[in-house]
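# Okay, sequence plus prediction incoming.
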Amino acid sequence: MKCYVAANGRDPRFPEDIKDYLSSRGFEVIGNPFSGKLSEDQLIDLIRDVDGTLAANEPYTAKVFDALPKLKIVSRVGVGFDTVDVKAATERGVIVTTSPVH
């Protein structure tokens, strides 16, 4: 399985401990090679073939979900879903949840 791990808003560096944890359990992990917030098109190109994401502030819109039929789960780091269209995700069978920041 392949997953995308965004940088935490409090620490913009790629979270190596999360990458190591997931990699040791057989996941192929990718991070954000860009600086700043991704556009819809950048997000689509970056995570086209991932199964799940640990999301930061990327725009998870209906357009994004339509372009990512393999995506099964979006776990938003922190609280709230302000950048995730939960209705669009639900309609497409994508689970949306949060991951507490430590």
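Structure's in. What do you need? Predicted model, so just to flag it, every value in this text is computed and none were measured. Numbers count the residues shown, from 1 in each chain.

# Work out for me the element the residue nearest the centre of the chain sits within.
Using C-alpha atoms, centre = their mean, the residue of the chain that lies closest to the mean C-alpha position is residue 53, 3.0 Å off. For residue 53, the element it lies in under DSSP states H and E is strand 52-55.

# what does that strand contact?
The contact list for strand 52-55 (C-beta atoms under 8 Å, 6 or more residues apart in numbering) reads 1, 3-6, 18, 47, 71-77, 83-84, 99. Heads up, the C-betas are built off the backbone N, CA and C, glycines and all.

# repeat for stretch 25-39
Outside stretch 25-39, the residues within contact range by C-beta under 8 Å, 6+ apart are 1-7, 14, 18-19, 22-23, 42, 46-47, 50, 57-59.

# Dump the C-alpha coordinates for that stretch into PDB.
Presented in PDB, the C-alpha positions along stretch 25-39 are these (Å, rounded to 0.1, in the frame of the first residue of the first chain):
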ATOM      1  CA  ARG A  25       5.100  -2.000   8.300                       C
ATOM      2  CA  GLY A  26       5.300  -2.300   4.600                       C
ATOM      3  CA  PHE A  27       3.900   1.000   3.400                       C
ATOM      4  CA  GLU A  28       5.500   2.900   0.600                       C
ATOM      5  CA  VAL A  29       5.500   6.500   1.900                       C
ATOM      6  CA  ILE A  30       5.700   9.700   0.000                       C
ATOM      7  CA  GLY A  31       5.900  13.300   1.200                       C
ATOM      8  CA  ASN A  32       5.300  16.700  -0.200                       C
ATOM      9  CA  PRO A  33       8.300  17.800  -2.300                       C
ATOM     10  CA  PHE A  34       6.900  21.300  -2.700                       C
ATOM     11  CA  SER A  35       7.000  24.200  -0.300                       C
ATOM     12  CA  GLY A  36       3.800  25.800   0.800                       C
ATOM     13  CA  LYS A  37       0.200  24.700   0.300                       C
ATOM     14  CA  LEU A  38      -0.500  22.500  -2.600                       C
ATOM     15  CA  SER A  39      -3.100  23.300  -5.300                       C
END
